[in-house]
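Novice: Sharing a model that was predicted from the sequence below.
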Amino acid sequence: GAPDPTAGGSIDDENCWYLDEEQVQEQVKLFLSQGGYHGSGKQLNLLFAKVREMLKMRDSNGARMLTLITDQFMADPRLSLWRQQGTTMTDKYRQLWDELGALWMCIVLNPHCKSEQKANWLKQLKKWNSVDVCPWEDGNHGDELPNLTDALPQDANANQDSSNKPHRTVFTRAIEACNLHWQDNHLQHIMSGDLYNYCYHDDTENLFFDTHGWPLWHEHVPTACARVDALRSHGYPQEALRLAIAIVNTLRRQQEKQLEMFRAQEKELLHREVTSITNIGGWVGHPLDPIGTLFSVFMEAYRADDESFHGFSDFMENMGQCTSLEYQHLPAQKFLEEGESYLTLAVEVALIGLGQQRIMPDGLYAQEKICRNEDQLICKLREVELDDSLVKIFRKQAVFLLEAGPYSGLGEVVHRESVPMHTFAKYLFTSLLPHDAELAYKTALRAMRLLVLDSTAPSADTSTPYRIPSVSPSRYPRWFILNHLESQQCELASTMLTAAKGDVQRLEMVLESIQKNIHSSSHIFKLAQDACKIATLVDNLPDMTLLKVSLELGLQVMRMTLSTLNWRRREMVRWLVSCATEVGVYALDSIMQNWFTLFTPTEATSIVAMTVMSNNNIINLNLDCHQREKLAGSARTLALQCAMKDPQNCALSALTLCEKDHVAFETAYQIVLDAATTGMSYSQLFIVARYMEHQGYPMRAYKLATLAIIHLGLGYNQDTHPAINEVLWACSLSHTLGKNELTAMIPVLIKSVKCATVLSDILRRFTLTTPGMAGLHGRRNSGKPMSLDKAPLRQLLDATIEAYINTTHSRLTHISPRHYSEFIEFLSKARETFLLAHDGHIQFTQFIDNLKQIYKGKKKLMMLVRERFG
């Protein structure tokens, strides 16, 4: 709702009207202070769009307005704050700075600006550039990593340590562009269109024209495209279009030459592992967005009426006309081949840019920018409906990408740090699939690699001028977007799996590619799940080949994660069993027979075999008796093997799985018994003992419970130990079995349990009823409770009294007044136990007298003892 600070006079007025500078500055300051909230980023973009609109109208206030905006950006207090904290600016804010840099590039490349104007701008740009907090071009502010983004191979200093060079800021390119001029005759002829009559000779290598006699423009591609953007921005759409066509013709010519060179030297280049003949700074994701510029120019020309390209036709009048007998005037359309249009040019240049082999730049921002730029281009391409002429271009570019070796991102051998082609290849695959499936699969399969994660991938050296400056192999941790790249690789594979459903040969090729190229277990697991879903879509019979691919991928995940920690492992194991169930009984049998390569013993018994042998699963499989028994046999074999390997964790599951087979059950029990003396904890033994009792084997349960108590150490003060209930249960079991079992249990108890309250509880239970009332094998007992004055209960009573004495001394060592009353209650319980002995009263009196003597210094406590016990 703010008034427009750039509102000037009418269209007939002089283009030098009053600009409300203060209002522009206040608006920018306000929007920046809002930090991207309340639509401030959108408002700033509108101001940038206004500057572009002013440039297009050749309004001299455009540059002035951008100067005011830039001053406010440079004064933003957050710049120095972020610099001090070493943090990076937000992505949206970073993009605003990029647009600011691009706009200055347009301004200094104005083909009709006066030299004194350019000198003033250069002075101003250098002033901003020298400010300490001026943002860097690659977004690495606060990060001292070397910047390889712009080191070109032909630069003699390319191998020097780039960290010593001054960092490139968002204004560096505009400063460099101040050295560019428009006076080149060939460039002026391209823009004027007077090029038709040039005579081309086949025996001459001509740098200025192609075989059709159409012009070429050899300049660093981003710089050439910056010229196109400047022409378009300053209201010269025809000239921009002509130069753009010359650039595309040059790119095509280069592709032809590259293909010829590679075919001539293919064996030698591949033998020497030349992996990359390209700029380090790729065109997609480049700060100047060269491919996006060309694409936009062609799409605007395609959509517009012819008349709209004659809005400003005074370019050559301003430049000064160049004449030559060799040229005659032609409109831009004449430079197109038959069947070609601005639309086909737009699509072709996008494909050329996306397929270029380029090295991953340093820094998170530069890497994210590559992905964002790629996504933007592909998104624009998706809006174009493919007809025969466009399919022809897709075919041509796909073939070039596959055959151009180190010149292409899809060449047979590429540099290990090349930007992966997964996202682009997925688009190529889906576009080509209906028209040329063979080429579609070739392209997508070639793109599946992610060499930076492959230790055997070739890396470049610097022995030829073609090669990229060598980078340390350990650099890949600086691939900040690796997770994103791996997910794109996974998406490409999933797209191929879906398309290949029903095609056995292609499914096998895709499976092989996944197994070779994908290094992340979570992504392979996702693909396995995707394949299973696609194979078992409702209302269709399952696609068995795709199901087997799904199972094969699942098995690979199991092998990959077997010896590593993975929080999804349990989910993965359960899923694999369900997938194998879909495949059939032979798959289930196979995973159980080969369990040791896929699962831990615990997983194999408690998840895999238990799930496979569950009643529901057996019913759903609809097996005959022979199949059921075979499966059960495999499950029992697995159970016994796992029990041997890890008895601590597999004993119970192994016994459960072997319940229906007497021999197997006996074997499993013996394995547990053998392991009980050494390898199993008391808690594991108690669990198995309880299970044995439940199964109707009380003597076996008793034996295991006794071993459990031997392993248990219950100290004086451990009266809340979690195993107390198990000890009480074991004593109850021995008491139930009879006097012999109880007699054998008591020495074990005395040795392992030192806690007085637990021992007194057991003692009381033993004296309440007669042992062996539920005797085995017809044994009967006399029906009399056991005497405390005779063995074995006398030993237990003595041990309990001793435990009370020891615990008392232990407590008195560190007792505080707030625990006095609790201690007196403890002595009362001790007295009850002492009195169970025939001379217990005398023993207790002596015990209390000893306490009074030993701890006479604790006067208040001893007074309380006298009050209660005399």
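Specialist: Arrived safely, thanks for sending. Numbering: from 1, shown residues only.

Novice: Show me where the chain dips below the pLDDT cut-off.
Specialist: Residue ranges of the chain with pLDDT under 70: 1-18, 36-38, 140-165, 194-205, 273-280, 305-335, 455-477, 539, 773-783.

Novice: what's the single longest helix in it?
Specialist: helix 237-271 (DSSP state H).

Novice: where exactly do the helices run in the stretch 651-800 of the chain?
Specialist: Counting by DSSP state H, counting those that start in this stretch, the stretch 651-800 of the chain has these helices, from start to end: 662-676, 682-694, 698-711, 724-737, 739-752, 756-768, 793-813.

Novice: Check which residues of the fourth one are buried.
Specialist: Going back to what we said before, that points to helix 724-737. By 16 or more other Cβ atoms under 10 Å, the buried positions in helix 724-737 come out as 724, 726-727, 729-731, 733-737. Placement of C-beta: from N, CA and C, glycine included.

Novice: Then the third one?
Specialist: Within helix 698-711, the residues that count as buried by 16+ other Cβ under 10 Å are 698, 700-709, 711.

Novice: any idea how far the residue most central in space within the chain is from Cys371?
Specialist: Nearest to the mean C-alpha position of the chain, by Cα atoms, centre = their mean, lies Asn483 at 3.3 Å. Per Cβ to Cβ, to the nearest Å, Asn483 is found 11 Å from Cys371.

Novice: Map the structural domains onto the sequence of the protein.
Specialist: Domain assignment of the chain by the TED database yields the ranges 21-141+168-178, 185-196+205-309+336-419, 792-869.

Novice: before we move on, back to that, would you tell me which of the helices of the stretch 651-800 of the chain gets closest to Ser130?
Specialist: helix 682-694 (71.5 Å; Cβ to Cβ).

Novice: follow-up on the earlier one: select, out of the helices of the stretch 651-800 of the chain, the one closest to Gln188.
Specialist: Closest among the helices of the stretch 651-800 of the chain, once you apply Cβ to Cβ, is helix 682-694, at 89.3 Å.

Novice: buried ones in stretch 502-515?
Specialist: Those would be 503, 506-507, 509-511, 513-514, for stretch 502-515 by 16+ other Cβ under 10 Å.

Novice: and which of the residues you listed is nearest to Thr845?
Specialist: Nearest to Thr845 among those, counting by Cβ to Cβ, is Ile514 at 83.7 Å.

Novice: Does the closest one belong to a helix, a strand or coil?
Specialist: Under the three-state scheme (DSSP: H, G, I helix; E, B strand; the rest coil), Ile514 adopts helix.

Novice: Let me see the contact set for it.
Specialist: Ile514 makes contact with 448, 493, 524, 527, 553, according to Cβ atoms under 8 Å, 6 or more residues apart in numbering.

Novice: that's a helix at the last one, yeah?
Specialist: By that I understand Leu553. Yes: the assignment for Leu553 is a helix, going by three-state DSSP.

Novice: Could you give the number of residues near it?
Specialist: Here the number of neighbours of Leu553 (other Cβ atoms under 10 Å) works out to 27.

Novice: just the strands in this protein please.
Specialist: Using DSSP state E, the chain contains no strands.

Novice: okay, the helices of the stretch 651-800 of the chain in CSV with distance to Phe826 next?
Specialist: Output for these, formatted as CSV (distance: least, Cβ to Cβ, whole Å):
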stretch, distance to Phe826
helix 662-676, 35
helix 682-694, 26
helix 698-711, 25
helix 724-737, 17
helix 739-752, 21
helix 756-768, 8
helix 793-813, 7
